[in-house]
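Novice: Fold the following for me, if possible:
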Amino acid sequence: MQRVLFVCLGNICRSPTAEGIFREKLAQSHLAEQVECDSCGTAAYHIGKAPDARSQQAAKQQGYDLSSLRARQVQGSDFEQFDIICAMDRANYDDLMAQASPDHHHKIHLFLSFAPDLEETEVPDPYYGGEQGFKQVIKLCEAAADGLLKRLA
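Specialist: The predicted structure follows:
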């Protein structure tokens, strides 16, 4: 069993969107029984809360259901339990690298590194922006999820 973790700052916008998209794509693939995923945040701002309503709405419009997801903070055990840890941006990547022991650094990646054809290298935080930012997060996460699935296959 391969385990994938998606990580952003508060675990209410980008990482739950990535998790929801990846779960749906995984369910439609031959890897559904071989890969598990989860998401979390590097900060403790929203522990136990559902994804941001704007994230949920944008995801639902594209056929993804985030309603059952709840925010949590990354824990030391995550570095042991997960095989691939996908940071949404450089700041969270750096935080994860600082928290992880050196023998787990190889597990930590920028999520968009799985979508090398994109110009973007980071998933921008849509929290303080408008509706278009949430739609952009979905587009980027879909591309990276496809690339990650190819890598896992």
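Novice: so where do the strands sit in the protein?
Specialist: 2-8, 35-41, 84-87, 108-110 (DSSP state E).
Novice: which residues touch the second one?
Specialist: When contacts are defined by Cβ atoms under 8 Å, 6 or more residues apart in numbering, strand 35-41 is touched by residues 1-12, 15-16, 18-19, 22-23, 26, 69, 71-75, 78, 82, 152. Where C-beta positions appear, they are placed from N, C-alpha and C, glycine not excepted.
Novice: which of those residues are buried?
Specialist: 4-12, 15-16, 18-19, 22-23, 26, 69, 71-74, 78, 82, 152 (16 or more other Cβ atoms under 10 Å).
Novice: how many neighbours does the residue nearest to G133 when sequence neighbours are not counted have?
Specialist: Among residues not flanking G133 along the chain, P126 sits closest, at 3.2 Å (Cβ to Cβ, 6 or more residues apart in numbering). Per other Cβ atoms under 10 Å, the neighbour tally for P126 reads 22.
Novice: Give me the pLDDT for P126.
Specialist: We have a pLDDT of 97 for P126.
Novice: What of L26?
Specialist: Note for L26: predicted pLDDT of 96.
Novice: Contacts only, for Q99.
Specialist: Contacts of Q99 by Cβ under 8 Å, 6+ apart are 42, 74, 76, 79.
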